[in-house]
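[1] sequence first, predicted coordinates after that:
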Amino acid sequence: MELHSKQCGYFLGLSFFFAFIAGLASGAIQHHDFVIKPTPVNRLCLTQHVMTVNGQFPGPTLHVHDGDTLIIKVTNAGKYDITLHWHGVRQLRNPWADGPEYVTQCPIKPGGSYTYRFTIENQEGTLWWHAHSKWLRATVYGALLIYPKHGSSYPFPKPKREFPLMLGEWWNRDPMHVLRQATITGAAANVSDAYTINGQPGDLYPCSNKDTTVFPIQAGETILLRLINAALNQQLFFSIANHQMTVVEADAAYTKPFTTNIVMIGPGQTTNVLVTGNQAPGRYYMAATAYDSAQGVAFDNTTTTAILEYKSAASKSKKGSSARPILPQLPAWNDTNTADAFTAQFRGLSKGKVPIEIHENLFFTINLGLINCSGPNFRCQGPNNTRFTASMNNVSFVLPKRNSILQALYQNTPGVFTTDFPPVPPLLFDYTGNVSRGLWTPVRGTKLYKLKFGSHVQIILQNTNIVTTEDHPMHLHGYHFYVVGSGQGNFDPKRDPANFNLVDPPLRNTIGTTPGGWVAIRFVADNPGVWLMHCHLDVHIGWGLAMAFLVENGVGELNSIVPPPPQLPQC
Ligand SMILES: *[C@@H]1O[C@H](CO)[C@@H](O)[C@H](O)[C@H]1NC(C)=O
Ligand SMILES: *[C@@H]1O[C@H](CO)[C@@H](O)[C@H](O)[C@H]1NC(C)=O
Ligand SMILES: *[C@@H]1O[C@H](CO)[C@@H](O)[C@H](O)[C@H]1NC(C)=O
Ligand SMILES: *[C@@H]1O[C@H](CO)[C@@H](O)[C@H](O)[C@H]1NC(C)=O
Ligand SMILES: *[C@@H]1O[C@H](CO)[C@@H](O)[C@H](O)[C@H]1NC(C)=O
Ligand SMILES: *[C@@H]1O[C@H](CO)[C@@H](O)[C@H](O)[C@H]1NC(C)=O
Ligand SMILES: *[C@@H]1O[C@H](CO)[C@@H](O)[C@H](O)[C@H]1NC(C)=O
Ligand SMILES: [Cu+2]
């Protein structure tokens, strides 16, 4: 085993499978200090102080190998409560490091700190980290790149160069103020002013030209782009002028390669693509714009660009002699057919086995909703004097305030949560048809669903036509899952399972529910803890589009939650 330059030291574990016992890891140990602080950032002709990690926007990229342990001390030198989430890291038996505020921990208060310790176990590829409190992740995010263990390699030829390509969303206001305004008014939040690629909006926006992100390529070589959708509220289409992309991995799981002109990527998802420099040397735009499936709802319809630049063309462009790069053709903002056709192409290359026998057959509706409003007018600015809400199985998720769910579970504190989340909708109705207005208002609660350790779980995520149908990118913490099927309309339990892919379904941690349709996922509940499942459009989480699983301990210490780390923040 060789020593990575960034690594402070390493231990040899007995073997990889016992790596996590008592914090002993088979990989290297990396220490990082993350200081959250307000930092001046200039975008779109305006300088704003936004929260960053270590003054960097986007935040630092973490480079690790499978098996490595990360010890990240987070100090909050900002003015807002904050937590960090390591999106897609399984955190086996270690929910204490997962991060969603009031779910697995109380937030880190201004002036406070908390050290996240976790080991990457049997995962490779592109993941990312982000704040998991309110809307702070608008600027507090970065890439988490997991390379294969030393001595092993990718299941495709090693690319000449690799780049994270993070899609983001930018407001000309403090995103926390945008959220606060929406919380007060009950209306949809203001849409963003720009999308970004690695923090830069690109040439199509004011005052952005000179900082447009450039990705270098040499004629004939193949590079790897690690796409991450870090936008708060928007699925995005991405394309590169004149260049095809070969998808090889998503959400840190390898896929059977397929070639495409267009990628659709939802918030929370990652997609690795290979790009070959097989066009006339020059400069080509890469661009991303909204895929929006909701009816009659405002969205940011702008386009962010970066430049794929052949090295032989770079010197010419510096002299200012080159023409404007050509733009790729992007689909229309409402092109659900293209979005769904892209997602349907994924096939897994994973070593694991799809659960066949199912112990927990769950059916969750994904609903928007409206609350009839009787308060003062300024609080009722949703459609027709209402406030927006959202729910799963008609329960709008409420975060506790006095404690985190995990701490309450560990300390046996009653009154923080209940375990009566319904396994099926409390009311049967024509989910994707014309839903009677009387069904649009959910109940509120902090309801969890209990799973026995090791149980085989299937969930049908059914989109509904309450207010509007819409593609919701659903993310499950602590797990990745097989996406075994999807379809239009209402799921039919008699007909649809016959078409499930139980041979080579993709493994994901975030999957969209096609507007007015359903998606079926399966996983083995082998990771005890409290694990949030939620829509990764932050505007919807705030409305309650979430639930959580309580996965019970198995037999013995090796199948149980590890003890909490020292200095866990208190509420
Ligand atoms: C921002 O949202 C408020 C309502 O919350 C609305 O009145 C206002 O027009 C919005 N501004 C923009 C620029 O969309
Ligand atoms: C984006 O939306 C604005 C406001 O609705 C509209 O004026 C503009 O034409 C749209 N732009 C594009 C490129 O669709
Ligand atoms: C997409 O929106 C345009 C208007 O912007 C409309 O003409 C078109 O029919 C819509 N397409 C679909 C598939 O809904
Ligand atoms: C608001 O009310 C109008 C008029 O009654 C109706 O046409 C519209 O569908 C309503 N909108 C919503 C979202 O309920
Ligand atoms: C939907 O149902 C409501 C009553 O529940 C009815 O007034 C309305 O006409 C229906 N709309 C359609 C398009 O069927
Ligand atoms: C809310 O108001 C609408 C009429 O605007 C009505 O159809 C619906 O039943 C009401 N919902 C509740 C929960 O009171
Ligand atoms: C949700 O629960 C409320 C309160 O019981 C009820 O009025 C409403 O019809 C339910 N809606 C659905 C979709 O189950
Ligand atoms: Cu959503």
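    Cool, got the structure. Ligands and ions are numbered 1, 2, ... in the order given.

[2] for residue 406, see how far away the residue nearest the centre of the chain is.
    Centre of the chain computed as the mean C-alpha position; nearest residue by C-alpha atoms, centre = their mean is residue 268, 1.6 Å away. Per C-beta to C-beta, to the nearest Å, residue 268 is found 21 Å from residue 406. C-beta here means a position set from N, CA and C on the backbone, and glycine is covered the same way.

[3] now do the longest helix seen in the chain: everything it contacts.
    Longest helix in the chain by number of residues (criterion: DSSP state H): helix 175-185. Defining contact as C-beta atoms under 8 Å, 6 or more residues apart in numbering, one finds that helix 175-185 is touched by 50, 80, 134-136, 138-139, 171, 188-190, 232, 378-379, 381-382, 538-539, 542.

[4] take those residues and keep only those in helices.
    538-539, 542.

[5] not counting its neighbours along the chain, what's nearest the residue of the stretch 51-200 of the chain found nearest ligand 1?
    Relative to ligand 1, the nearest point of the stretch 51-200 of the chain is residue 190 (3.7 Å; C-beta to the nearest ligand atom). Nearest residue to residue 190 in three dimensions, chain neighbours excluded: residue 178, at 5.1 Å (C-beta to C-beta, 6 or more residues apart in numbering).

[6] look at that neighbour and report its pLDDT.
    Residue 178 is assigned 98 on the pLDDT scale.

[7] count of neighbours near it?
    20 (other C-beta atoms under 10 Å).

[8] same check, this time on the one 5 residues further on
    A total of 15 residues lie near residue 183 under the criterion other C-beta under 10 Å.

[9] equivalent analysis for residue 351, please.
    9.

[10] kindly report the residues of this structure close to ligand 6.
    372, 437-438, 441 (C-beta under 6 Å from any ligand atom).

[11] quick check on those residues: which are buried?
    Burial by neighbour count, 16 or more other C-beta atoms under 10 Å: within these this picks out residue 441.

[12] make CSV from the residues of the chain next to ligand 6 and add distance to residue 95 and pLDDT to it.
    What follows is the residues of the chain next to ligand 6, written out as CSV (distance: C-beta to C-beta, whole Å; pLDDT from 0 to 100):
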residue, distance to residue 95, pLDDT
372, 37, 97
437, 39, 97
438, 38, 97
441, 32, 98
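
[13] report the two of the residues of the chain next to ligand 6 separated the most.
    Longest distance between any two of those is 10.5 Å, between 372 and 438; criterion C-beta to C-beta.

[14] ranges for the helices of this protein?
    So, for the chain - with DSSP H - the helices run 175-185, 311-318, 336-343, 405-410, 538-543.

[15] the last one - what's its average pLDDT?
    In this case it means helix 538-543. Per-residue pLDDT over helix 538-543 has a mean of 97.

[16] what does the second one give?
    Averaging pLDDT along helix 311-318 yields 72.

[17] once you drop chain neighbours, what's closest to the residue in the stretch 151-300 of the chain that ligand 6 sits nearest to?
    Nearest residue of the stretch 151-300 of the chain to ligand 6, counting by C-beta to the nearest ligand atom: residue 186, 13.7 Å away. Nearest residue to residue 186, sequence neighbours excluded (C-beta to C-beta, 6+ apart): residue 387, at 3.0 Å.

[18] any idea what the one you found is bridged to?
    Applying DSSP bridges to residue 387 gives these bridge partners: residue 371.

[19] what's it in contact with, if anything?
    Here residue 387 is in contact with 186, 370-371, 373, 379-380 (C-beta under 8 Å, 6+ apart).

[20] these two touch, right, residue 81 and residue 111?
    No: in this structure, residue 81 is not within contact of residue 111 by C-beta atoms under 8 Å, at 10.9 Å.

[21] which one's more surrounded, those two?
    More crowded of residue 81 and residue 111, by other C-beta under 10 Å: residue 81, with 19 against 10.

[22] who are the contact partners of the closest residue to the more buried one other than its chain neighbours?
    Leaving aside its sequence neighbours, residue 81 sits nearest to residue 107 (C-beta to C-beta, 6+ apart; 3.6 Å). Contact analysis of residue 107 by C-beta under 8 Å, 6+ apart lists 81-83, 101, 133, 569, 571.

[23] one more: residue 449?
    Shown in contact with residue 449 (C-beta under 8 Å, 6+ apart): 362, 419, 421, 423, 547-550.

[24] tell me which of these fall in strands.
    Judged by DSSP state E, strands contain the following of the contacts of residue 449: 362, 547-550.

[25] residues in a beta bridge with residue 42, which ones?
    Here residue 42 shows beta-bridge partners residue 47, assigned using DSSP bridges.

[26] can you give me the neighbour number for it?
    11.

[27] how near is it to ligand 1?
    21 Å (C-beta to the nearest ligand atom, to the nearest Å).

[28] list the residues that contact residue 457.
    The neighbourhood of residue 457, defined by C-beta under 8 Å, 6+ apart, consists of 355, 358-360, 362, 451, 522-525.

[29] run the last query once more with 7 Å
    Neighbouring residues of residue 457 by C-beta atoms under 7 Å, 6 or more residues apart in numbering: 360, 362, 451, 522-523, 525.

[30] if we can go back for a sec, which among the contacts of residue 449 count as buried?
    362, 421, 547-550.

[31] not counting sequence-adjacent ones, nearest residue to the residue in the stretch 401-550 of the chain that ligand 4 sits nearest to?
    Using C-beta to the nearest ligand atom, the single residue of the stretch 401-550 of the chain nearest to ligand 4 is residue 467, 6.0 Å away. By the measure of C-beta to C-beta, 6+ apart, the closest residue to residue 467 outside its immediate chain neighbours is residue 368, 4.1 Å from it.

[32] list the residues that contact the one you found.
    If you count contacts by C-beta under 7 Å, 6+ apart, residue 368 has them with 390, 466-468, 470.

[33] measure it to residue 468 for me?
    Separation of residue 368 from residue 468 (C-beta to C-beta): 6 Å.

[34] cool, residue 345 as well?
    From residue 345 to residue 468 the distance is 27 Å (C-beta to C-beta).

[35] swap in residue 124?
    38 Å.

[36] next: residue 33.
    Distance, residue 33 to residue 468, using C-beta to C-beta: 44 Å.

[37] cool, and residue 302?
    According to C-beta to C-beta, residue 302 stands 22 Å off from residue 468.

[38] so for those two, which residue has more residues nearby?
    Using other C-beta under 10 Å as the criterion, residue 302 and residue 468 rank with residue 302 on top: 18 against 15.

[39] what are the bridge partners for the nearest residue to the more buried one once chain neighbours are set aside, then?
    Distance criterion C-beta to C-beta, 6+ apart; nearest residue to residue 302, sequence neighbours excluded, is residue 194 at 5.8 Å. Judged by DSSP bridges, the bridge partners of residue 194 are residue 170.

[40] and the nearest residue to residue 77 once chain neighbours are set aside, how many residues sit next to it?
    If the residues on either side of it in the chain are set aside, residue 77 comes closest to residue 37, at 4.2 Å by C-beta to C-beta, 6+ apart. Other residues near residue 37 come to 15 when the count uses other C-beta under 10 Å.
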